[in-house]
Structures are given as C-alpha cells and as structure tokens.
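# here is my input, please return the structure:
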Amino acid sequence: MDYSFLSESGGADIGQFIAGNASRLGSKTAIVDKQLLISYSELDLAAKALALELLRHGIMPEYPVGILTGFGAHHIVAQLAVVYAGATCVPLDPIRPDRDLELQLQLAKSRLLITDESCHGRGLSAHKIPVVVSRDPADGEKGVPGLPRTLPSDFRSHILFTSGTTGKPKGVQIHARGIMRLARDETCKPDSSEEVIGHLNNTCFDLSLVDTWVALLHGATITILDRQEALSPDIFARTLKERQVTYLLIPAALFRVIAAACPMAFSECKTLILGAEAPDMNSCKVVLENGPPGRLINGYGPTESCILALAHVITLDDVAKGFLPIGKPINQTVSYVLDESLRRVAGKNTGELYLGGQGLSRGYLDNPEATQKAFIPVSGLTCSGDAISLYRTGDLAYTDDANNVVWLGRKDREVKIRGYRINLDVIETELYLTGLIKTVAAVRAEPLGSNAPLLVACITYASPESSNDALLAEARARLPSYMVPQLVQFEKMPLTPNGKVNRKEAHKLLMAMLHDPQSRDVRDEPRAVLDLTASEKVLRVLWSRSLFTVPEEHIRLESDFFTLGATSLHVASLIAGIRAELDISLPVRQIYEHSTLHALASLLDRKKSEHAADDLDKIKDVLRNDAETLWRDIPIPKGPPVDWLSTGEGKVFLTGATGFVGAYLLFELIQSPEVRAVRCLVRAKTPRSAFKKLSQNFHKYRLPNLSEELMSKIVVVPGDLSQARLGLSEAEYHELATWTSIIYHLAAQVNYNEPYTATRDANISGTLNILRLAVCSRSKPLHYTSSIAAFGPTGLIREQVKELSEDDPLTPYLETTIPYEMGYGQSQWVSDEVVSHLMRRGFPAAVYRLGVVLCNSGDGVGNPDDFASRLLADCLRLGIYPSLPNQRKELLPVDYVASAMRLISLRNDNLGKAYHITPDAQSSIDMNELFRLAAKLCHVDLVGLPYAEWVERLRRADQSGANLLLKPLLPMLEERVYGERARWELYEGMARFKNDNTAAALKKAEGYEGLRPAAIDANDLRKYFHFLLGVD
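Numbering: from 1, shown residues only. Model (predicted):
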C-alpha cells in the first residue's frame, strides 16, 4: 500500500486519501459488522451514493449533517459520505431522548439527518435521509464523478457535543487535520494496513475517530465490537482473540474492569491505547505482567485538542516508579505547563497544562464567550515570541526529569472542607493505588441535617473480600488526615456512555442514600439482634449521626469509632452529642482510649455512677517512663560527626518538608551553595504520590517557582517516619545512612485533640528512628525541631518562673505543667527530653524550640489550617475574641525561622545545645494586643469576652450552622483540665523565653547581618491578615 499520506506534505484531505485507499485496495475488507463484510470499494461506493444524495439538497461546504444510526457499519458509511460531500459530521447518540437530540440539531443549525432503519421513526424535525450499504458489485463500476469533494487544509470534519456546565451542550469543532496528525504519529499509529482495529467507542465521542478514521486512513480492517459484551470481561477477551484484534483504543475505566478479571485479554494486541481518563496503575501492572500487548499507551487529550494530544508508552519501570506520565506531545502538537501569569513553569513545579498545534479545535460552535475563555493567545513561548493560540485544559501538571508531562488532577476538582483545600482527584488516585477498589468517585456532599460538608468516597470493591476497614487503613497511610474520606459502598457505580465514572450521578445516588437511610444497601452486613444497654443505644445513634454515612445497622458492640471513618471533627460532634444527651463531659483523649461502642458505653456508665478517678499520676508515669528509658538503646558515636560542609558532602536529609516550616527550610536549603542535594522523607507509598504532596505544599504556601537547577537538588523518599528503617528496605536504609551528611528533623503529628498515646508512634517513635539514622553507618549532625509547648503551661508553676533558659532541664515540668498539656505538647516534652539526654552524653544534635510560626514576612502567606489562623479568622468573622491577659503565642515569621535554623546549623560547634527560636521578650506580642491589632488592621470591631462566654458563643455559632473553622478544636477549647479552668486559660502569667544561645550562635554566622528581626510586627500582620481574609 502507498503510505504517502504519512508525509506531512501530504496534506489533510481525508476524503481523498480514503477514496485513494478504496481504489488501491478494492476488495480488501474494510468493515466487519457481525455477518456483514464490507470491502473498501463497497464502502467507497456506498459513501459516494449517500454523498450524492446530500448534494442534491444543495448543501454548502461544512454544512452540519446530523447522523443518527445504530452502532456499526451504517454510521461509518454515513460519516464518510458527509466528508465526501464536503460537509461536517454531527454524530448523535440514539440512546438520548428526542428532546436532547432536537436541541443538538438546533444548536448545529442542521436540517438534514442521516438515519438507518432503527432510528428513522424518531420524532425529530430534520429531513431524514436513509443510509444504504450496497452489496451489488456492478454498482462499483459506475462511479460518482466529482466525489469526494476537494477539502481545504482547515476543513471542519466534525462537531462533537460535550456536556456544558450550565446544562447547555457545547459543540466542539474538529478539524480534519487533527485526525490526520494522529494518524501520522509514530507512537499511536497502526503498524500497517494488515491491522485489525476494534471499534468500541461511542461515535459521539472523539475516541471513536481513531477506531474509524485512523483505521480507514491506514487501509486497515475495522471490526465492530459489541459494547455490551465489553462489560463481561471473559466474553470480551474471547471476542478480541476470535476477531484477531491487533489495535484497540479503550476507555481507562473499562480497561480497569477487564484487567482485574482477565489480565491476558489484550495479549494479542500490538497496540492498546488507554484514553478518556487516567489509567489505574495496578491494572497496568497486572496486564504488563500477564500477557502484555505489544505496546500499552497512556493517551491524554481533551476533545478540544482532537482525540489525543500527548502519549506515553507504559512500562513496568513506570509502575515501579509509582506514577504514569501522560507523556510527550504527539505529532504536530505542542504542550506547555504555565503558571497563572502564563509563564513556563520550571522543572517539577506545578502549573496548568495548555495545548496547541494542528489538533486544536476551531472553538465552540456559536459560543464566542466560551471560546474566548478556553482558547487564548499566549506570547513569549516560541523563538519568534509571537502569540500562539493555546487551549486551557484546566488540568494541573508538571514535567518530570525525562521531559514527560505528569498529570496531577483537575483545577476545578479542588474543594474546601473544614478549612482545608482538597483535590478530589488526588483522593481517587490514592484509593485506586491501593488495589482494593474497582471504581471510586470522591465528592463533597452537604446532606440535610449535616451542619458541615462531608468528604465522601463512593466506591465499588474489586473483590468481595475487600472491606472498609482495610481501605480506610490504606487511605490513612497514604493521605493526610483531613483528606481521608468517609466510605460509602455502591453496589454498582454509574458510568458515562464512554465508560468514565459519572461523578454527577454518583453524587445524586449518594445524596439519595443519605436522605433516605432505608435506601442504603446493608445486605452485606448481617443485622445481628443486639441486646444493647441504654448507653449503647444512645451512643449508636450518636455515632451514626456524627459519621452520617454509616447506617446504625453497621454499628455493633465491637465496632471502632475510628475504623468506621471518624476524624477529630467527628470526635467534636460526638462529645457535643454526649453532653447534650447524657449531660456528661468527656475529655477528648477518652474517646481515643475507649474507641469501641462497648468500651465507650461502659465508660459512660461508670461516669454516671461515680466520679472518675484522677489519672494525672498515670499520665505522669507513662511520660516519665518513656523519657527515662527510650533513649538508652541509642548508641553514642565515638568520633566527631561529619563536617557536612566539606568537599563531597553537603547532602541533606529532611523530614517535615510537607509542613509550613519544612517547606521554607527546604526552599532555603536548596538555594544554599553548600547544599548539593536534599532528600525529603514524605509519608507516601510511591515516589509519584510523595512528589505530588511536596509540589502541592509548595503551591499551598505560594513559594516561587524553582529553576530546573534548584529542582534537580530535590529528591523525594517515600516512607513512614514511625516505621522501622523509616519504612525503607534494609539496602535503601543503609544507602541513605551512608549518603547523608546532615539531618534536619521537623516532622511531627500536630493534633490538638489527640492524647499522647495517639501521637506517640509518629512523634516519639519517629524521633527515635531519626536518632538511629543519625548514627547508622557514620555519625551525622542532627538538628531536631521541638516547640515551646515542651514546657507546658508555665503559668501553673507556683514559684512563678519568669524566664526560661535554653539550658534549663525540662524534667521538673513533668510534675507541674506537662500533665495538663495536650498530647502533642506531651510528645514534644518526651522527644525533647530524649534528645537532651543523649546530647548531654555527647550525641551530635541540636534542639530548636519554636514559638508559633505565623506567616512569611514577604507576602503574608501563612498556614490557613493551623490553630492561630483558624482562631483569628473565626474571631474576625464573629466579632469576638477571648480576653486572655498576659498570654503570648511567641509569634514568628517563617522566613526568619528557616534562615535562623540554617545559619546555626552551618557550624558543628553549635551542636550540643538547645535554641529558643522566639522573639525577644520586649518585642513579643501578647494575645489581647494581637486581637487589638487585628481589629485595627482589618477595620473590624472586636469585642473581648471572658473565656467561658467566648467558648459558649463559638458553640452557639456552630449549632446555628456557621462554617466554624475552630469546630474540630472545640473539645480542646471546652475541656476543663484544672478545676474550672480550660487548658488554654492555664497559660495566663506564662514565663518568657530567653534566647541567649540563639543570639550567640547567629552572631558568629556568616550572613547574620541580613537576617530580619525575629518578632512579628504590624507590617507583617497587615500582609498576613490580607492573606487570611483573602483565603476562599
């Protein structure tokens, strides 16, 4: 066969090329549709006859002609006839109601409709023209002069309707040259005319243009596949082999289903392209390991860029790396990852993906406003600097080291729940990676009766043995706590016609289930008849009410509140419910310590009958035992630590890079010439998810885009701080220990509700694991970040200590203040004590006790999710604040903290000491002054209230449905821990922090002169409040 059309100079006249194929190939089979075999000459003749009928109606070039037929040969003949006539194909879906089809015909301004026998009787107003496939060989000798019409280079071959966000469909105008450039692409094109190409995709979607037009351009054979059969993996696999299908483009959602049930289904395909959405990595792995196709391709492309725009051949190496790129642009296509200012994003920084080239759509039919928003001119990207037209995809992406584009998720899939920004695509991706589920739709739901939005994952499981318990455990290991969704199992996931998960329908189904508990499918949970006590019955109702997505039938005596999906927010709701129903106030830690229905009910029964014994002594014993014993198995190195600034060193290991201070310290370190590389431990399963967390954290705090040189210094290490060897293999761990020159340990689990027992693994075990790493293979300096919370509420000390020295031991505070601290503060005391014990014996470490890190002094960006931001935002919104005399948070700018830590760490002679990273005593702002400044700078009236009255006002605001950012922290704010005083009230009269060691170390550091003051000032606060109030 003549492949001249593969040359770019061959033009884009798809009609002429296919007519030429018909002339050369003649009797070769073009289409197999069940028992019907159509040769290329028969196809050409039938298309020309129908084209002639269209021309008799006086159609002009590019006139939109509707096509409404069953799935198969008749539709292909109709499309070819329309193009032969120089008109535009408008494929319509016969399963849609007449009113939808009538609307699409009206939008296309089409009065002609090609139909087959099955659709000819539809009640549509357009003039209907029947499609006929002639089998008379004699007809082929007659020919039709003047057909096909010669087509211009910018010929519009198709109008494909996509669902519009306003309910009105948008007609995407497809150029024929977009189809041609894919047919000529080396990665995606069929290998030869001997290919058998499976036609599976709905003809109303652009994926079908590969099944049909690309196949005919290559002179291949199209075999029509039964779309219903595809839902039965075993039957579909058998059909592929019987039909000898060698080339197939399949929606990724359907691939996932088939791969799970029959991974060898595609073993005889030369080319298998996955489209429509991101493929599941586990499905790719199982197919590649069990009879893989010749090449498995991840194809990406919105309809606006014609079928595919980027492609990547998937390998087991990709699977091992933990992420699948969408690849590089295909033939005559360009892609750019740009920031909000439409400038290129360097390296692995996140930006929005823009597409251009020959596949770019002409725009939306008769919708100039939508076209102008989506297709924009961008200058400065080409050598000439001239503006080029690009399509704004709305997808977040970055470019990896091999220059492949990596898709991260949709911009418009970002929601805000409980003050956190959450990308729903990230949740779905991580749940798919567990291998436990078949399909998932992550949604934000606001059912009636819930005073806060819910984060829910609607799921179908891959196996009957899968369970919510196992999936929740995986989700908690992969995602930050605020991104762990509640799980609702569907019997069947709704899908779109092209096989994607239909999230809108899933959301509707979920809402129906939540509003009608009787509709929930609980058949898999046998309803045991339980002889419940009164407390158990009340708790069962409160649990279901708090969790909302869990039916009472799923709650048994042995059920665990947190295994069912509870978070700290659910704890707050439960405590409020217990107080309202039973008039019992529980401390938060007792929910964690009595987390089963039976255990918590038994505790409530004891509370009713007797006053709970004071357990402060028990808390002291646990903390004392940990502080005095855990450090003893950590060896003290005999020689000096590595001079990390010496030649060949400068290799940093950093934990906590996905936090606020950690992000800025990482930014500070990679800009330092003495640092060659920074390996960042990130709690994740794969490098892809680890890097995604890191990238999203940089984006969250609006850090500047990094150059490729700086990005190349960053290496992510997926692992788990709380696990032995940090969750790494023995070989990986020892390589890391040998490679590392210096360690910065910033990671900590910060939760103001959880007791010490809940934070122990992350904060205590994590610190012990880092200490072991510091002395494994060779001795390395360790810079450990603690907090001033390690001193507890020092206002309680009878002797009224006025100043706290950096060199003073923390041990005495166990008897006076630490028992009244929250679990996080107690874990900081234990970790600080452990490191201090070792430092006094010669361990090469330094301790940095930080105040409250509020914002970046440059642009005011802070952490909108921390306690200070939530507190200030809610107080400004409600117009009230707690009057807290002589209390301070020791506020700091994050850029000062990062710079100070780096400068102190430059010299190993600064090891062996603790450093208070706090403002000078004279510059520190107390809480009441902070609220007065907030009122002045934000031009709002703030009224100071006694603490108890302020908390009551918060509670009433929450009950009235206010989106209270402090809601998860209400239990901590309400809990009485010392007589009638709540924990926060105990900080009245707190001591001041001396920072002599810090001042001395900084003064001898090179670059100290350029360091800004430690204290937050009014100018910093003005920028911070502008940021805080601008956070949507």
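
# please make it C-alpha for all contacts and neighbour counts, starting now.
OK.

# find the nearest non-adjacent residue to Gln671, please.
Leu710 (6.9 Å; CA to CA, 6 or more residues apart in numbering).

# so that neighbour makes contact with Ser672?
No - the criterion here is CA atoms under 8 Å, and Leu710 misses it with Ser672 at 9.8 Å.

# which of these two has more neighbours?
Leu710 (18 against 12; other CA atoms under 10 Å).

# in a helix, the more buried one, correct?
Yes - counting by DSSP: H, G, I helix; E, B strand; the rest coil, Leu710 is located in a helix.

# could you dump the helix or strand where Ala397 lies to CSV, C-alpha only?
Assessed by DSSP states H and E, Ala397 sits inside strand 388-399. What follows is strand 388-399, C-alpha atoms only, in CSV (Å, rounded to 0.1, in the frame of the first residue of the first chain):
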residue,chain,number,x,y,z
ILE,A,388,0.1,31.3,19.6
SER,A,389,-3.3,30.0,20.3
LEU,A,390,-3.5,27.5,23.2
TYR,A,391,-6.3,25.6,24.8
ARG,A,392,-6.5,26.0,28.6
THR,A,393,-7.2,22.4,29.8
GLY,A,394,-7.9,23.1,33.5
ASP,A,395,-5.6,20.2,34.4
LEU,A,396,-2.7,20.6,36.8
ALA,A,397,0.6,19.0,35.7
TYR,A,398,4.4,19.1,36.0
THR,A,399,7.3,17.9,33.8
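
# that strand: which residues count as buried?
Neighbour-count burial for strand 388-399 flags Ser389, Leu390, Tyr391, Arg392, Thr393, Gly394, Asp395, Leu396, Ala397, Tyr398, Thr399 (criterion: 16 or more other CA atoms under 10 Å).

# likewise stretch 836-852?
836-839, 842-852.

# before we move on, what about stretch 119-129?
Quick answer for stretch 119-129 (16+ other CA under 10 Å): Cys119, His120, Ala126, Lys128, Ile129.

# check the last one and give its pLDDT.
This means Ile129. The score at Ile129 is 92. That number is its pLDDT.

# measure Leu585 to Pro971 for me?
If you look again at residue 585, you'll see it is Ser, not Leu. 10 Å (CA to CA, to the nearest Å).

# need the overlap of contacts for these two.
Listed as contacting both Ser585 and Pro971 by CA atoms under 8 Å, 6 or more residues apart in numbering are Ile575.

# more crowded one of these two?
Remark: of Ser585 and Pro971, Pro971 carries more neighbours, 25 against 18, as counted by other CA under 10 Å.

# picking up where we left off before, does anything pack onto the strand holding Ala397? Which helices or strands?
strand 333-338, strand 351-357, helix 368-374, strand 375-378, strand 405-410 (3 or more CA pairs under 8 Å, 6 or more residues apart in numbering; DSSP states H and E).

# distance of the residue nearest to Lys802 when sequence neighbours are not counted from Ser805?
Closest residue to Lys802 apart from its sequence neighbours, by CA to CA, 6+ apart: Ala991 at 4.5 Å. Separation of Ala991 from Ser805 (CA to CA): 10 Å.

# ok, now Val847?
13 Å.

# quick one on the thing from earlier: report the two of the buried residues of stretch 119-129 separated the most.
The distance between the two most remote of the buried residues of stretch 119-129 (CA to CA) is 12.6 Å, for Cys119 and Ala126.

# buried residues, the lengthiest helix in the chain. List them.
As assigned by DSSP state H, the longest helix anywhere in the chain is helix 823-840. Residues of helix 823-840 classed as buried: 823-839 (neighbour count, 16+ other CA under 10 Å).

# what of stretch 365-381?
Leu365, Thr371, Ala374, Phe375, Val378.

# can you check stretch 20-31 too?
Across stretch 20-31, burial judged by 16+ other CA under 10 Å covers Gly20, Asn21, Ala22, Leu25, Gly26, Lys28, Thr29, Ala30, Ile31.

# wait, isn't the fourth one in contact with Glu42?
No - the pair Leu25 and Glu42 does not pass the contact test of CA under 8 Å, sitting 10.9 Å apart.

# now do the same contact list for Pro21.
You called it Pro, but residue 21 is Asn. Tyr40, Leu216, Leu217, Gly219.

# domain ranges for this protein?
1-18+25-136+143-176, 418-519, 534-609 (automatic domain parsing).

# and Leu966, which of those domains is closest to it?
Each of the domains of the chain has some distance to Leu966 by CA to CA; the shortest is domain 418-519, at 8.8 Å.

# what does the average pLDDT come to for the closest one?
Mean predicted confidence for domain 418-519 is 79.

# what is the end-to-end distance of stretch 744-764?
Stretch 744-764 has an end-to-end distance of 16 Å (criterion: CA to CA).

# which other helices and strands does the helix or strand encompassing Ile250 contact?
Assigning secondary structure by DSSP H and E places Ile250 in strand 247-251. Contact partners of strand 247-251 among helices and strands, from 3+ CA pairs under 8 Å, 6+ apart: strand 196-199, strand 271-275.

# isn't Ala748 up against Ala762?
Yes - counting by CA under 8 Å, Ala762 is a contact partner of Ala748 at 6.6 Å.

# in a markdown table, list the domains of the chain along with distance to Glu980.
A markdown table is the format used below for these (distance: least, CA to CA, whole Å):
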| stretch | distance to Glu980 |
| --- | --- |
| domain 1-18+25-136+143-176 | 54 |
| domain 418-519 | 29 |
| domain 534-609 | 13 |
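
# if we can go back for a sec, taking the mean pLDDT, what do you get for the strand holding Ala397?
Average pLDDT, strand 388-399: 90.

# ok and that strand relative to strand 351-357, angle-wise?
140 degrees (axes from the mean of the first three to the mean of the last three CA atoms, to 10 degrees).

# so what strands line up beside strand 388-399?
In the sheet, strand 388-399 lines up against strand 351-357 (antiparallel), strand 375-378 (antiparallel), strand 405-410 (antiparallel) (DSSP bridges).

# most tightly surrounded among those strands?
Of all those, strand 351-357 carries the top mean neighbour count, a mean of 23, counting by mean count of other CA atoms under 10 Å.

# could you check how far it is from the centre of its chain?
Strand 351-357 sits 20 Å away from the centroid of its parent chain (CA atoms, centre = their mean, to the nearest Å).

# got it, and stretch 653-660?
19 Å.

# hmm, who's touching it?
By CA under 8 Å, 6+ apart, stretch 653-660 touches 662-663, 665-666, 678-682, 693-694, 697, 701, 740-748, 862-863, 894.

# 6 Å instead, please
662-663, 678-681, 694, 697, 743-747 (CA atoms under 6 Å, 6 or more residues apart in numbering).

# among these, which one lies nearest to Pro279?
Leu694 (22.4 Å).

# what's the neighbour count on the residue nearest to Val717 when sequence neighbours are not counted?
The spatially closest residue to Val717, leaving aside those adjacent along the chain, is Leu681, at 4.7 Å (CA to CA, 6+ apart). Applying other CA under 10 Å, we find 24 residues neighbouring Leu681.

# and the helices in the stretch 801-950 of the chain?
813-816, 823-840, 867-878, 894-905, 927-938, 947-959 (DSSP state H, counting those that start in this stretch).

# and Pro1013, which of the ones you listed is closest to it?
With CA to CA as the criterion, Pro1013 lies closest to helix 894-905 of the helices of the stretch 801-950 of the chain, at 7.4 Å.
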